[in-house]
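Participant: Predicted coordinates and the sequence they were generated for:
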Amino acid sequence: MAITLSQTYQASVGSTVLVHVNFTKYLRTGESLTGTVLVDEQGGSDLTIANKAVTTASYEESFTNDTVAAGKAIQFTVTGGVGEKTYRMRCTVSTNGSPALTFVFDLLLKYV
């Protein structure tokens, strides 16, 4: 079973949202995320999840206002949610460390 991240993302029905998931606190010194990013809706098929990638530029984290360095987070877009429904998405990404690590986390997205 994957760890579920504590924050719940929110979106309006009909919107396309850009989601970032910050992995900084899980990475070792000098380590970054790398390779293919997998993001899949769990238990349904309402969502369209696209543009999955490791970040290539820094950004400001919306939950904490922290600046997150490039390579320390993943990003993707989501569309297609139904109102008053919370979706679970599973995110999988690997690192460039030695030994390389693979992280698997779930996150929640609520359409309002």
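Facilitator: Looks like it arrived, so ask away. Numbers count the residues shown, from 1 in each chain.
Participant: okay, CA-based contacts and neighbour counts for the rest of this
Facilitator: Fine.
Participant: The chain: strands as residue ranges?
Facilitator: Assigned strands in the chain, in chain order: 3-11, 17-22, 33-42, 48-54, 59-60, 67-68, 73-79, 85-95, 102-111 (criterion: DSSP state E).
Participant: among the ones you listed, which gets the worst mean confidence?
Facilitator: For those, the weakest mean pLDDT is recorded on strand 3-11, namely a mean of 88.
Participant: which helices and strands does that one pack with?
Facilitator: Contact partners of strand 3-11 among helices and strands, from 3 or more CA pairs under 8 Å, 6 or more residues apart in numbering; DSSP states H and E: strand 102-111.
Participant: picking up where we left off before, which one of the strands of the chain is the most hemmed in?
Facilitator: strand 73-79 (a mean of 20; mean count of other CA atoms under 10 Å).
Participant: ok and that strand relative to strand 85-95, angle-wise?
Facilitator: 150 degrees (axes from the mean of the first three to the mean of the last three CA atoms, to 10 degrees).
Participant: Paired strands for strand 73-79, with orientation please.
Facilitator: strand 17-22 (antiparallel), strand 48-54 (antiparallel) (DSSP bridges).
Participant: wait, which of the ones you listed is closest to Glu41?
Facilitator: Shortest separation from Glu41 across the strands paired with strand 73-79 is recorded for strand 48-54, at 8.1 Å, computed as CA to CA.
Participant: what residues does stretch 66-85 touch?
Facilitator: 12-24, 27, 32-34, 37, 46-61, 110-112 (CA atoms under 8 Å, 6 or more residues apart in numbering).
Participant: From Ser98, how far out is the spatially most central residue of the chain?
Facilitator: With distances taken as CA atoms, centre = their mean, the chain has Val21 as the residue nearest its mean C-alpha position (3.7 Å). The spacing between Val21 and Ser98, counted by CA to CA, to the nearest Å, is 22 Å.
Participant: next one: His20
Facilitator: 25 Å.
Participant: unless I'm mixing things up, Val13 is touching Val112, no?
Facilitator: Yes: under the criterion of CA atoms under 8 Å, Val13 is in contact with Val112, at a separation of 6.3 Å.
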